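Participant: with the sequence up front, the predicted model follows.
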Amino acid sequence: MEKLSNEPDTPPRNLVIRLEITASKLVLAATVFLIGSLLAVALVKTVGADLNSPALTKNSQDFIYPTALSAAFSRAAQNVEDSVVYITTLDLDSEGDAYSQNSGTGIIVDPAGYILTNAHVIGNANRIKVRTSDGATLSATLIGTDEETDLAVVKVTTSKLLKPANVGDSEKVMVGEWVLAVGSPFGLQQTVTAGIISAKERVTDSRRSFQQMLQTDAAINPGNSGGPLVNMSGEVVGINTQIATRTGSFQGIGFAVPSLIFTDVYNQLVKQGRVSRGYLGIYPDKLTPQFCQVFGLPSQEGALVQDVTDIDGPAAKGGLRTGDVIVEFDGYKIKDDRDLIRRIVLTPINSPVKVRFIRAGVETSTNVTLVEREPTPVAKAPRSIPKLDRPRVERRSEKSEGGLSLAAAESKLGFSLSELTEARAQTLGYKGSTDGIFVRKVENNSAAYDAGLRDADIIKQINKKEVRTEADIVSAFKSLKPGDSVVFFIEKRSRNSSRRYFSLTIP
């Protein structure tokens, strides 16, 4: 840390520069300043800029004074400050003695006394205290928690008039947009920090891909948890929940649960004390340019059904299959796999939903009835997989009449292939048909490895063509050349022998 002093050893650099300006340069600088000021005033009058305007409009090249921008920040903070509360909790033992305590932030969302915060702020507390912006301390009761989004709702009872915050639409938030984080970092209540939306739809837990966060660089520290992330209109667009850090304190990356998610969680907790989420029974994935090219899709909008994971689930009963591309769900156009996941978990269970999808180039639809999704279980250690002795690789000729020979394809993509025998399939634990091509080895840092192929995978299709023998795979590569897209349909070694698409471009 720099040493602070009222008497610096040397003048500041900018002060030194100013002392070196000559008289003639001073006259020139004054002239430029005067002209610039007159132009600025004229511009303000021309576009009608309001010094009290909270933000810039979309339809003009507005000039805005720093004082107006500062006023916008102040106004946004003032809009929410009376709705932000400081929360402290105590865990008591059987004798009534405190053995742990915690603190954080909450946001009043209903004048009846309902407050939204983080589940980890509440924990297993026996006592919950809420301090409002005017200093009053109130006892709170727990309404419900949702561990999967780390959200909780508590309620206070008071004769005072409580001011609820206005909730904004996180779907309309744009990357680069200014936001404020309000909370009680390290117990410092009503602290306001400023930053921007750094990214959207961040998944910080791969087991809960529906939990898609807003990322911000507004400072969030211990004690900010449960506090609001506020847009420049003073609306809450997120609940500050996590930070990415190696020190335990803020390092420029914070995450907030978006309002699209927390409003659904809040409404369910208040209504029924718990949260239920829809379940379709598929493994969705992002569409790649190669897949779209090979399958003739008009755009990359939509979500690929990589696998129907539950043969008794809603997707299977509705007729969805691996390779289908879902383009619309319950009336919502689907942008990608994350968008589909978000829509599934937000859709009420036990009600019919129309799903539009593309299969073999034809758009069609089906109806599915979502069931309740089971909570994410604790990850289990993978079962052991038998190790195979590496087979002897025979050198193949790279000569081919047009397109790629098998040897050239193996060299360019970084893998070696052979036919799948019944004995090898049984040894590896593959179920069902032994049709396919065995991936003997995938080189690290190769095109095949980067695409997701691994040792002992089984290739079922190449660019929609089934491959069972070496002749099939030679024929498939013969029609390809460097720069072409390739989509592999692969069966993976796993407990359920899952099947997925992998795509790449031939280098």
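Facilitator: Everything's here; your move.
Participant: and the chain, what are its domains?
Facilitator: The record's domain parsing of the chain by automatic domain parsing lists 18-71, 72-275, 278-372, 406-505.
Participant: just the helices in the stretch 1-150 of the chain please.
Facilitator: Here the stretch 1-150 of the chain has its helices, by DSSP state H, counting those that start in this stretch, at 13-19, 23-47, 66-81, 119-122.
Participant: lowest average pLDDT across the ones you listed?
Facilitator: In terms of mean pLDDT, the lowest-scoring of the helices of the stretch 1-150 of the chain is helix 13-19 (a mean of 32).
Participant: ok now stretch 338-347, how far from the chain's centre?
Facilitator: Stretch 338-347 has its average C-alpha position 12 Å from the chain's average C-alpha position, going by Cα atoms, centre = their mean, to the nearest Å.
Participant: pull the CA atoms of that stretch into PDB?
Facilitator: As requested, C-alpha coordinates have been extracted for stretch 338-347 and formatted as PDB (Å, rounded to 0.1, in the frame of the first residue of the first chain):
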ATOM      1  CA  ARG A 338     -29.400 -22.700 -21.900                       C
ATOM      2  CA  ASP A 339     -32.500 -20.800 -23.000                       C
ATOM      3  CA  LEU A 340     -34.400 -24.100 -23.200                       C
ATOM      4  CA  ILE A 341     -33.200 -25.200 -19.700                       C
ATOM      5  CA  ARG A 342     -34.400 -21.900 -18.300                       C
ATOM      6  CA  ARG A 343     -37.800 -22.300 -19.900                       C
ATOM      7  CA  ILE A 344     -38.200 -25.900 -18.700                       C
ATOM      8  CA  VAL A 345     -37.500 -25.100 -15.000                       C
ATOM      9  CA  LEU A 346     -39.800 -22.100 -15.100                       C
ATOM     10  CA  THR A 347     -42.700 -23.900 -16.600                       C
END
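Participant: got the contact list for it?
Facilitator: Contact with stretch 338-347 is made by 201, 203, 209-210, 212, 260-261, 264, 277-280, 284, 286, 303, 326, 329-330, 332, 334, 353, 370, 373, as judged by Cβ atoms under 8 Å, 6 or more residues apart in numbering. For glycine as for every other residue, the C-beta is placed from the backbone atoms N, C-alpha and C.
Participant: what's the answer for stretch 482-489, then?
Facilitator: With Cβ under 8 Å, 6+ apart as the contact definition, stretch 482-489 has outside contacts at 289-291, 293-295, 323, 412, 451, 453, 459-464, 480, 499-507.
Participant: okay, now residue 204: neighbour count?
Facilitator: 13 (other Cβ atoms under 10 Å).
Participant: how near is it to residue 340?
Facilitator: Relative to residue 340, residue 204 is positioned 19 Å away (Cβ to Cβ, to the nearest Å).
Participant: check residue 269 too.
Facilitator: Taking Cβ to Cβ as the criterion, residue 269 is separated from residue 340 by 25 Å.
Participant: more neighbours, those two?
Facilitator: Summary of the neighbour comparison: residue 269 and residue 340, criterion other Cβ under 10 Å, with residue 340 having more neighbours (25 against 21).
Participant: sorry, back to before: any of the contacts of stretch 482-489 buried? List them.
Facilitator: Neighbour counting over the contacts of stretch 482-489 (16 or more other Cβ atoms under 10 Å) leaves 290-291, 293-295, 323, 412, 451, 453, 459-463, 480, 499-504, 506 as the buried ones.
Participant: among those residues, which lie within strands?
Facilitator: Within the buried ones among the contacts of stretch 482-489, membership in strands is found for 459-462, 499-504, as judged by DSSP state E.
Participant: tell me the one of those residues nearest residue 138?
Facilitator: Within those, the smallest distance to residue 138 is 52.7 Å, found for residue 500 (Cβ to Cβ).
Participant: give the contact list for the closest one.
Facilitator: Contacts of residue 500 by Cβ under 8 Å, 6+ apart are 283, 285, 306-307, 452, 489-490, 492.
Participant: buried among those residues? Make that a PyMOL selection.
Facilitator: Remark: buried members of those, expressed as a PyMOL selection using 16+ other Cβ under 10 Å:
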select buried, resi 283+285+306+307+452+489+490+492
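Participant: closest one to residue 232 out of the contacts of residue 500, please.
Facilitator: Comparing the contacts of residue 500 against residue 232 with Cβ to Cβ places residue 285 closest, at 35.9 Å.
Participant: where does the closest one fall, secondary structure wise?
Facilitator: Residue 285 is part of strand 282-286 when elements are defined by DSSP states H and E.
Participant: what does stretch 446-459 contact?
Facilitator: With Cβ under 8 Å, 6+ apart as the contact definition, stretch 446-459 has outside contacts at 385, 388, 412-415, 417, 420, 425, 428, 430, 436-443, 467, 473, 488-493, 500, 502-507.
Participant: how does it look with 7 Å?
Facilitator: Judged by Cβ atoms under 7 Å, 6 or more residues apart in numbering, the contacts made with stretch 446-459 from elsewhere in the structure are 412-415, 420, 428, 430, 436-439, 441-443, 467, 488, 490-493, 502-504, 507.
Participant: now the ones in strands among the buried ones among the contacts of stretch 482-489 as JSON lines including distance to residue 316 and pLDDT?
Facilitator: Formatted as JSON lines, the entries for these read as follows, by distance: Cβ to Cβ, whole Å; pLDDT from 0 to 100:
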{"residue": "459", "distance to residue 316": "24", "pLDDT": "92"}
{"residue": "460", "distance to residue 316": "19", "pLDDT": "92"}
{"residue": "461", "distance to residue 316": "21", "pLDDT": "93"}
{"residue": "462", "distance to residue 316": "26", "pLDDT": "94"}
{"residue": "499", "distance to residue 316": "14", "pLDDT": "84"}
{"residue": "500", "distance to residue 316": "17", "pLDDT": "90"}
{"residue": "501", "distance to residue 316": "18", "pLDDT": "93"}
{"residue": "502", "distance to residue 316": "23", "pLDDT": "93"}
{"residue": "503", "distance to residue 316": "25", "pLDDT": "94"}
{"residue": "504", "distance to residue 316": "29", "pLDDT": "93"}
